[in-house]
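Asker: Predicted model, plus sequence, below.
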Amino acid sequence: MTHYAVLIAARLTSTRLPGKVLASYCTDGMTNLEQIVRRWQRSWRAPKIICAIPSDAEDAPIEALCRTIDIPCYRGVRDDVVSRMNEALLAFAPDAKYIARGMADSPLVDVGLADGRLDVLMDSGADGLWYNGDESRLTYAATTDVWSRAAWDRIAALSSGSQREHPGSYFWDNLNRFNVVSLNLPRREYVTSIRTELDTPEDLEMFRALWREVLIFDYPADQIIDTLRALRMLNTHPEIAAINAYVQVKTQSRALWRKGSQWLCKACLRRVGAVISGDLEVRCARCGRPQKFYASPAAKRIKPSMMRA
């Protein structure tokens with residue numbers, strides 16, 4: 001039985017850096033996709049790693065690489081990424097209980113953080129996680145989404161419009177409708193403005209410089225550089241981090257709560273709830289249980305049932 005699946009959506013026709021999936025920044029010529037797969041293979045939670053690519057003929061080289069590195073590859077609809085990932089899941093890991101979105105543009109993905117998020121979901125029974133702070137401050141390598149299977153099934157079924165192209169957007173757009181656990185931001189090394197996304201020629205140049213610099217000090221035989229070590233290297237070598245520092249972020253999942261106005265703490269500006277149909281809905285930071293503060297004149301106070309601990 002597959003307990004945990006990592007779904008990686010990839011294609012060769014990226015807008016800003018075509019072919020980035022098969023690009024190489026490692027000194028031994030290893031491709032970007034193989035680097036990312038190898039990182040996920042280091043997970044202590046032993047996930048089933050699946051690649052989901054378009055059925056277009058031009059993406060055939062990705063399928064060939066998947067055969068070489070022995071990971072399953074599913075070919076499906078190009079523009080409906082959610083459907084493609086879901087069909088890949090149903091084809092190769094239909095009984096998976098937890099799902100992670102593996103990003104094909106995250107060469108330094110911190111798999112250890114993802115393992116920790118999986119543990120929280122397993123212990124709490126929650127659908128997903130969000131950080132009780134400004135997620136936009138996290139470097140890209142620290143932003144892996146992990147969901148329960150029930151949450152993923154809802155994402156696959158209910159995503160619409162542009163959400164179909166950006167898996168997980170439905171979750172973030174409707175965060176207050178899921179059972180979520182709130183976590184504090186991780187250690188400060190991850191809360192940095194350093195850009196760790198591979199999406200432009202400048203990004204590729206930065207990663208190549210990073211790998212060369214690391215090898216000067218300590219040769220990692222498998223070419224896998226620990227995320228924190230890479231971040232420390234970039235902090236101590238600002239000339240490398242500066243190569244792609246001014247690239248504009250294209251997309252990044254974050255909690256927007258578009259379905260209701262944000263309710264912020266006046267002291268720290270952290271989200272504590274959302275206004276839904278005129279009522280304030282707050283979820284427990286530990287178990288995700290919702291509580292409603294009713295704004296209508298007939299029910300301005302919390303329901304008595306909601307006041308119990």
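Answerer: Arrived safely, thanks for sending.

Asker: Would you enumerate the residues in contact with Glu58?
Answerer: Counting by Cβ atoms under 8 Å, 6 or more residues apart in numbering, Glu58 touches Leu12, Thr13. C-beta coordinates here come from the backbone N, C-alpha and C atoms, glycine included.

Asker: Can you classify it as helix, strand or coil?
Answerer: helix (DSSP: H, G, I helix; E, B strand; the rest coil).

Asker: Need the pLDDT of it.
Answerer: Looking at Glu58, its pLDDT reads 96.

Asker: Arg11 versus that one, what's the distance?
Answerer: Going from Glu58 to Arg11 by Cβ to Cβ, to the nearest Å gives 9 Å.

Asker: Also Leu234?
Answerer: Here the criterion is Cβ to Cβ. By it, Leu234 lies 28 Å from Arg11.

Asker: Of those two, which one has the most company?
Answerer: Leu234 (25 against 21; other Cβ atoms under 10 Å).

Asker: can I assume the more buried one is in contact with Ile240?
Answerer: Yes. Taking Cβ atoms under 8 Å as the definition, Leu234 is a contact partner of Ile240 at 6.0 Å.

Asker: Residues that sit against both of these two, list them.
Answerer: Shared contacts of Leu234 and Ile240, counting by Cβ under 8 Å, 6+ apart, come down to Leu210.

Asker: In space, what's closest to Glu34 - neighbours in sequence excluded?
Answerer: Ile69 (5.6 Å; Cβ to Cβ, 6 or more residues apart in numbering).

Asker: now do Ser24
Answerer: Thr31 (5.6 Å).

Asker: Please report the number of neighbouring residues for that neighbour.
Answerer: 21.

Asker: Would you list the phi and psi of it?
Answerer: The phi/psi pair for Thr31 (degrees, to the nearest 10) reads phi -80, psi 160.

Asker: what's the pLDDT at Asp134?
Answerer: According to the model, Asp134 scores 75 on pLDDT.
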